[in-house]
Each structure stands twice: as structure tokens, then as C-alpha cells.
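A.B. asks: Everything below, folded, please.
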Amino acid sequence: MGPAAMRTMRPEIGGTVVERKSGRPKLHSLQILRFVAAFSVVLFHLGATYKAEFGMERNIFLIGSSGVDIFFVISGFIIAYTADPDRGPLHFVWRRIVRIVPLYWTLTFGLAAIALLMPRLLNSTVVDAESLLKSLFFIPYEASSGDTRPILFLGWTLNYEMFFYALYALCIETGFRSSLAPLVLVLTVVAAGRLFEVDNVVWEFYTNPIILEFALGIVLCILYRRYTDVFAKSARYLILTFIAAFTARLALPGMTSIWANAIVAAVLVAAVLTAPAAKTPLSSLLVLLGDASYSLYLSHPYVFQLWIKASPERLGVATQLVMGAITSVGAVAVSVALYRLLSRRDSFSAGISAAGVMGNAGFCFGPRCENGAVRALSMIDD
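C.D. replies: Residues are numbered from 1 along each chain as shown. Have a look, this model is predicted:
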């Protein structure tokens, strides 16, 4: 077996199925965790809807906001695990753009159109040329509500994702092959934000300590690569550690430190990496839902809005709970439909192939290359 063939094969690592499709590993356990994280955010917004629209005293799914922390830790891990410095920064950046931009721009333009044509359907979204451009190009700005968020309000997390990708690409461009370089760079950015107080929205946003969660993901990847066998043998201890950390977090709801959620998220990711590999119909379904988790994360608030606008006033508590459950399942169904629509090769690869002239810059486009760049729309697949 030659070196090329060996590079395209990976055994089970730490109990996690790892597939090689044109050189891309796919860790099924983390893909399933992506869905868990996305659905946690769905539940958080469901609880917020119950509280804001139907008068419940508190958000019963408040802990669901931690799904964002899980996303960031997984992103740090996956980027460090799959990045290929040999292919250069342009290839790296392109893969990130293809993964994030199509759905994000589609939903942003759709929401902007609604805000301009039927503003009564939205609560507080205000759209003008400046906010639209900044939203599309991941530039933080202070919205009319006072929050720092784009038109598609959950896009604030994508601003952090794209910033992290930019830092990683900078390290690749400057010749640093080790994932230690972006780790140090993330730490430096946060330290700069603490040392130099600048009254600027962009500076304050991108130096927020929340980006340390990407750094935690990188650390996990470094440890996982170096001590794979230790991970495999430590499954029960990692699970117990997660349970203890999660319980402590629930017992201290007022704790606002970034580490309160970050540590719990990192331990959970570490524990999931040791999950036993088993291809079953259920696991296949969960992997599909993991593939669609990006769509679920971005689209579910607007599925909820449709429910709210269509619901009659003064519904009973039991009816609210049932409709909320049905709407949540509907949001998952919509996300799978969006994922399948946007990952159709026929609807996207033509545009990629048309850009194939950029191959001279280190890119590789079209169906002939790695089963099409559209595969990058999956949340975890590189």
C-alpha cells in the first residue's frame, strides 16, 4: 500500500468513526454533538419564547444557551484537526467561506427583504445599506437595540467563527504549520483586549474572552492527537468529570465567568471523543441531523416567529407546550430541507466549477475535486 493510499485511510480513533472521503476525516460523534448543541440553542429560544410571548416566569431551558460554547470548542478542535497547511491559506479560507456564506447570505437577504417589504412580521429588525453590508461581511456593529449583532441575530457567533478562521489563515500564511501558533495568537488577542481598552465596537467584540473557547478546542486536538490511547482508556473518567462539572454549573447559575461554560463544554467534547463507534439507523439519522445543525441553528428563530404570528391569543399552558414541541420538531425538519437544498451538487457545483480558474492559486473546484466543494457545507466536514 503506497503513501497516498495510507493517507486516505484512518482506523477508529478513540472509539470514534473516522471516515476519509478525499482526505477529509469525519468524526461522527462530534457531528452528533453538533446537533445536540444546536438543539440546545433551539430549546433555549423556545424557553425565551414561552417567557416573552406567553408570560412564563422564567426560561425553563436557560442552560440551552451553552450550546454556543459547545459549538466554539468543537470548531477549535475540528479546524486544528483538519487544517492542511500544505494547501495554503487560500484553500483554507475558501473552504470556510463555502461552508458558512451560502446559507448565511441567503437567510440574511431573505430577512432584509422581509424587513423592507413587510416589517410588521418582524419585531425589532432594522435594515439599511450599512447594516446589510456589515452583516454580510462579518463586521460587528451596534444594532438599534443596543446589542452587537448582525441582521440575522444569531450571526454574532459567525462573526467570531470567521475571525477565528482569519487568525488561523494568518498563521498558515506566515508559515506556521503547528496548531500551537493559532492557539498562541488567540491568547494574544484576548490579552491585548484586557491590556488596551479601546472604545471601538469591533475591538471590544473580537477581543472578548469567549474566543478562548476556540483555544480550548485546539488544546483538546493537540492532546487527542498525542494521547489517543489515553483518551480511549479514560472514557468513564471523562464522563464522570463532565457530570460533576455540569452539576456544579447548574448549582451556580449566577456565575458569569466565561470559564463557567467553557470548561464544561470542553470536558463534554473530550468525553464524546471517546464514544464507541456503532453505525446504526439511529446513529445515521443523528449524523444527518448533525450535518443539518448549521441550518437548524440559523433558521429556527424564524420558524418560531411563524408559530408566534400564527398562534391565537391566550393559549393554555398545555397547548403552548404541545405547540412548542411541534414547532421545534418542525424547525429540525426545515433545517434538514435547507441542508439538502443547499448541498445539492447540481445547484452549487456549477458556480464552483465556473470559478475553477482560481485553481492556479491553490484551489481545486468542481465534481472532479474531492466530491465537490459543496461537501464543506457540512458543519464538521473540514
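A.B. asks: got the residue ranges for the helices in the stretch 1-150 of the chain?
C.D. replies: Across the stretch 1-150 of the chain, reading from the start of the chain, the helices by DSSP state H, counting those that start in this stretch fall at 3-7, 28-54, 67-82, 88-117, 129-136.
A.B. asks: what's the most buried one of these?
C.D. replies: Relative to the other members of the helices of the stretch 1-150 of the chain, helix 67-82 carries the highest mean neighbour count by mean count of other Cβ atoms under 10 Å, namely a mean of 25. Every C-beta, even on glycine, is put in place using the N, C-alpha and C of the backbone.
A.B. asks: So which elements touch that one?
C.D. replies: In this structure, helix 67-82 makes packing contacts with strand 24-27, helix 28-54, helix 155-173, helix 212-226, helix 258-272, judged by 3 or more Cβ pairs under 8 Å, 6 or more residues apart in numbering; DSSP states H and E.
A.B. asks: any idea of the mean pLDDT in the second one?
C.D. replies: Right, helix 28-54. On average, the pLDDT along helix 28-54 is 93.
A.B. asks: Mind giving me the packing neighbours of that helix?
C.D. replies: helix 67-82, helix 258-272, helix 281-291, helix 293-310, helix 317-342.
A.B. asks: Looking at those, which is nearest to residue 26?
C.D. replies: For residue 26, the closest of these is helix 281-291, at 8.4 Å, according to Cβ to Cβ.
A.B. asks: Off-centre distance for that closest one?
C.D. replies: Distance of helix 281-291 from its chain centroid, counting by Cα atoms, centre = their mean, to the nearest Å, is 17 Å.
A.B. asks: Just the angle for it relative to helix 317-342, thanks.
C.D. replies: Here helix 281-291 points in a direction 80 degrees away from that of helix 317-342 (axes from the mean of the first three to the mean of the last three Cα atoms, to 10 degrees).
A.B. asks: If you count neighbours, what's buried in helix 281-291?
C.D. replies: Applying a neighbour-count criterion of 16 or more other Cβ atoms under 10 Å, the buried positions in helix 281-291 are 283, 286, 287, 288, 289, 290, 291.
A.B. asks: re the thing from before, now the helices and strands packed on helix 28-54 in a markdown table, with mean pLDDT and distance to residue 230?
C.D. replies: Formatted as a markdown table, the entries for these read as follows, by pLDDT from 0 to 100; distance: least, Cβ to Cβ, whole Å:
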| stretch | mean pLDDT | distance to residue 230 |
| --- | --- | --- |
| helix 67-82 | 96 | 16 |
| helix 258-272 | 93 | 11 |
| helix 281-291 | 93 | 25 |
| helix 293-310 | 92 | 29 |
| helix 317-342 | 92 | 35 |
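A.B. asks: Take the ones you listed and write them to JSON lines, including distance to residue 242.
C.D. replies: What follows is the helices and strands packed on helix 28-54, written out as JSON lines (distance: least, Cβ to Cβ, whole Å):
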{"stretch": "helix 67-82", "distance to residue 242": "11"}
{"stretch": "helix 258-272", "distance to residue 242": "5"}
{"stretch": "helix 281-291", "distance to residue 242": "19"}
{"stretch": "helix 293-310", "distance to residue 242": "20"}
{"stretch": "helix 317-342", "distance to residue 242": "25"}
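A.B. asks: and of those helices, who's closest to residue 172?
C.D. replies: helix 67-82 (10.8 Å).
A.B. asks: for the closest residue to residue 49 other than its chain neighbours, what are its contacts?
C.D. replies: On the basis of Cβ to Cβ, 6 or more residues apart in numbering, the spatially nearest residue to residue 49 that is not a chain neighbour turns out to be residue 304, at 5.5 Å. Taking Cβ atoms under 8 Å, 6 or more residues apart in numbering, we find residue 304 in contact with 45, 46, 49, 327, 331.
A.B. asks: one more time with 10 Å, if that's ok
C.D. replies: Contacts were defined as Cβ atoms under 10 Å, 6 or more residues apart in numbering; by that measure residue 304 touches 42, 45, 46, 48, 49, 53, 324, 327, 328, 330, 331.
A.B. asks: thought the third one was touching residue 64?
C.D. replies: So the one you mean is residue 46. Yes: counting by Cβ atoms under 10 Å, residue 46 does reach residue 64; the two are 8.1 Å apart.
A.B. asks: and for these two, which residues touch both?
C.D. replies: Taking Cβ under 10 Å, 6+ apart as the contact criterion, the residues that touch both residue 46 and residue 64 are residue 39.
A.B. asks: about what we covered before: rebuild the contacts of residue 304 as a markdown table, extending it with distance to residue 114.
C.D. replies: Compiled in a markdown table, these are given as follows (distance: Cβ to Cβ, whole Å):
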| residue | distance to residue 114 |
| --- | --- |
| 42 | 21 |
| 45 | 18 |
| 46 | 22 |
| 48 | 21 |
| 49 | 19 |
| 53 | 19 |
| 324 | 23 |
| 327 | 19 |
| 328 | 22 |
| 330 | 19 |
| 331 | 18 |
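A.B. asks: Next up, the contacts around the most centrally placed residue in the chain.
C.D. replies: Centroid-nearest residue in the chain: residue 71, 4.7 Å away (criterion: Cα atoms, centre = their mean). Remark: with contacts taken as Cβ under 10 Å, 6+ apart, residue 71 is in contact with 33-34, 37-38, 40-41, 157, 160-161, 213, 217, 265, 293-294, 297, 379.
A.B. asks: Looking at the residues you listed, spot the one nearest residue 184.
C.D. replies: Nearest to residue 184 out of the contacts of residue 71 is residue 217 (Cβ to Cβ; 14.5 Å).
A.B. asks: Can you check what pLDDT the model gives the nearest residue to residue 44 once chain neighbours are set aside?
C.D. replies: With Cβ to Cβ, 6+ apart as the measure, residue 64 is the residue that lies nearest to residue 44, at 3.2 Å, once sequence neighbours are left out. We note a pLDDT of 94 for residue 64 in this prediction.
A.B. asks: which ones are touching residue 64?
C.D. replies: Taking Cβ under 10 Å, 6+ apart as the criterion, residue 64 is in contact with 37, 39, 40, 41, 42, 43, 44, 45, 46, 47, 48.
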